[in-house]
Structures are given as structure tokens and as C-alpha cells.
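Trainee: how would this look folded up:
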Amino acid sequence: MNQNKRGFASDNNSGVHPSILESINSVNHGHTIAYGDDNYTQEATAIFKDLFGSHIEVFFVFIGSAANVLGIKAATQPYHAVITPETAHINVDECGAPERFTGCKLLTVPTPDGKLTIELAQKHMHGFGFQHHSQPKVISISQPTELGTLYTVDEVRDLANFAHQHNMYLHMDGARIANAAVALDRNFKEFTTDAGVDILSFGGTKNGMMYGEAVVFLNPDLAHEFMYTRKQGLQLASKMRYVSAQFIAYLSNNQWHKTASHANSMAKLLASKLELIPRVKITQPVQVNGVFAIIPKNIIERLQAEYFFYTWDEDQSEVRWMTSWDTTEDDINNFVAKVKELLT
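Mentor: A predicted model of the protein is given here:
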């Protein structure tokens, strides 16, 4: 197999941005206090407070699944339930970790575009106070969704108000939150803190960081004793400075915005070229850095042999192509040329 290593499978497959590598090296000298009591972690925390509000609490973890699971665990008891779209990462791609480590039941909702609405959530809004039923406690959404679609600020706020009216919390999986902020042309605070989100999983790995995510408690009451939850969850880094240094570099000098803007623009370029090919059907609005399309089934494996990517829906012959901070126009042009070649 002569596979092009720069494929379109996932933005996780991309490398680490040079500025992030430099940030790690810049703190790699001498000794400093471990487990997050260092000056770098204090600086990174201060940046998060500047971005999301001085009242918030933030805790760094290694991976996004841990951010989701531990953040939800902080807001729930094992008899609670989490309402989320059927396509949510916590439902599809976390190997049952939310159920195992929180004890909560996931109540999923089919959606046409990955977006949860109040109307769709209503089907699970029952059984409150009935001891035989799991009690709905959290609504969890992804911004952007796993289908690359976006919630508007008003849509987030409506879901938050709906949750709060029922004594529930709103959790946001922000693994690609930078791509969402760029596409919405909003700062982070406008569609999280100001919109009523209670818990945010803030991602950076998909946008140029090496590793490290953050659990951001926009409702600081939920952060009570979370330090113990993080430790029990095996997510307390001893050499925290190497995570914090990445966040400092990532959130400074508009670095997150530059990398996310590039990834988004590459997806739009890819879609603009593919939609001109008659046998390729784009299935979702291309709002961030993902392109979903239906293509003839007989070319999928041959195309994957050249550029690795994932089939999203085998029954529909729908595939997903993700662009990254390091995707180039040549990558796009060569890929589109290969699609055309295989379709001739």
C-alpha cells in the first residue's frame, strides 16, 4: 500500500504545531513544583479566567474523553441520566466510559444534523421524582457537533435555560471549540459562559496541541472537590507544567484562531471542489473542518488506499473527511484529482 500519510481521517492524525513544541521545550529546564502547583499552571489558569470569566474553575487533564467523563461525573450521581444526541462522542466513541465511571444512563436522541433541540430532548423529560426511573440531570451537546454542524449562541442559551428550568445542567463537549469559535465569529465566552453552559470540555489536541484538555467549570459550584475526582480518575499530571505551557502558547498570540481558521478554510475548499463532481453528494453544511459526503461504494476502499479516512455510514456509503491545521491546498487538489480519477 502506497498510502499518503497526510490523509483526511482525523485532525487527531496531524502533527504538533511548532509553537507548541517550542513551548514545551521552553519550560524544560530546572525543577518546579509538581501536580499543578507551578507558575506555568497558574499562568495558564489565569488565561482561562480571562477568556471565560474570573469566577470559573479550570482543571487540566490528558485527554478529551476524560474531560467529558469527569466533568459530567462532577454534576451527577449514579442514579442520574444524561440526555445527548445519538451521534455524541460520549455515546459513540468513549467505549462506555461515561456509563462505567459516572454510573449514569445515557438517554440518546436521533437527530438529522447532530444538534439537540428542546423539542427532541422532550421525549426524555419525564419520570422526575419517580424512584424507578433514572433522573435526567445533564444535557450534553458538542460544539461543533460530530457532524460538523454548529449551535448558534441562541440555541445554546435556549438549551441552557431549558436545563436550568428542570434543575439540570448543560455540558458542552468542546473538543473542536476553536473551530466553532472561528466559524461563529464569536469569542469563547459568548457561546459558553454567557449562554449558560455549566461545564465545558475544552480541547486543543485536534488543533495543534500535543496532548492536554481542560475541564472548565463555568458554574464553579460544580467544581467542589473536583481535585479528588481528577486524581481518582487518573488524570492528575505530575509534570503539569508541560500541559500548561502548551495552553499558554495555544491561547496566546491568537494561535488557536490561526490554526482553526486554516483547518476550516481547507474544509470549505475541499467541499467547493467536491460538490462540482456529479457523483459526490455533500450531506451536511460544511461549517467547520469536516466534510461529510455520499460517494459510490466501489471507490471507497481504493480511495482509502491512497488517503486514509473513515466511512461514517456504511449503509448510506457516507464518508467523513477531516482537515487539519497542517492541511495544504496541494493535499486538497491531489485528493480531489484522485476522486475524479477513480470515478472515471
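Trainee: Output stretch 206-217 as CSV, restricted to C-alpha atoms.
Mentor: The C-alpha trace of stretch 206-217 is given here as CSV (Å, rounded to 0.1, in the frame of the first residue of the first chain):
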residue,chain,number,x,y,z
LYS,A,206,-7.2,18.4,17.5
ASN,A,207,-6.0,21.9,16.7
GLY,A,208,-2.2,21.6,17.1
MET,A,209,-1.5,20.7,20.7
MET,A,210,0.4,17.5,21.6
TYR,A,211,-1.9,16.5,24.4
GLY,A,212,-3.9,18.1,27.2
GLU,A,213,-7.5,19.2,27.5
ALA,A,214,-9.3,21.2,30.2
VAL,A,215,-12.4,20.7,32.3
VAL,A,216,-13.8,24.2,32.7
PHE,A,217,-16.5,24.7,35.3
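Trainee: Helices of the stretch 151-300 of the chain, start to end?
Mentor: For the stretch 151-300 of the chain, the helices defined by DSSP state H, counting those that start in this stretch occupy 153-165, 177-184, 226-232, 241-251, 255-274, 300-304.
Trainee: any idea of the mean pLDDT in the last one?
Mentor: Over the span of helix 300-304, the pLDDT mean works out to 96.
Trainee: counting contacts, what elements does it pack onto?
Mentor: Under the contact criterion of 3 or more CB pairs under 8 Å, 6 or more residues apart in numbering; DSSP states H and E, helix 300-304 touches helix 329-343. In this view, the C-beta of every residue, glycine as well, is placed from N, C-alpha and C.
Trainee: swap in the fifth one?
Mentor: If you count contacts as 3+ CB pairs under 8 Å, 6+ apart, helix 255-274 packs onto helix 177-184, strand 290-294, strand 318-322, helix 329-343.
Trainee: Deepest in the core, which of those is it.
Mentor: Across those, the average number of neighbours (mean count of other CB atoms under 10 Å) peaks for helix 177-184, which reaches a mean of 25.
Trainee: Glu155 contacts Leu116, doesn't it?
Mentor: No: contact criterion CB atoms under 8 Å: Glu155 and Leu116 do not qualify, at 9.1 Å.
Trainee: So for the two, which residue has more residues nearby?
Mentor: A count of neighbours by other CB atoms under 10 Å puts Leu116 above the other of Glu155 and Leu116, at 24 against 18.
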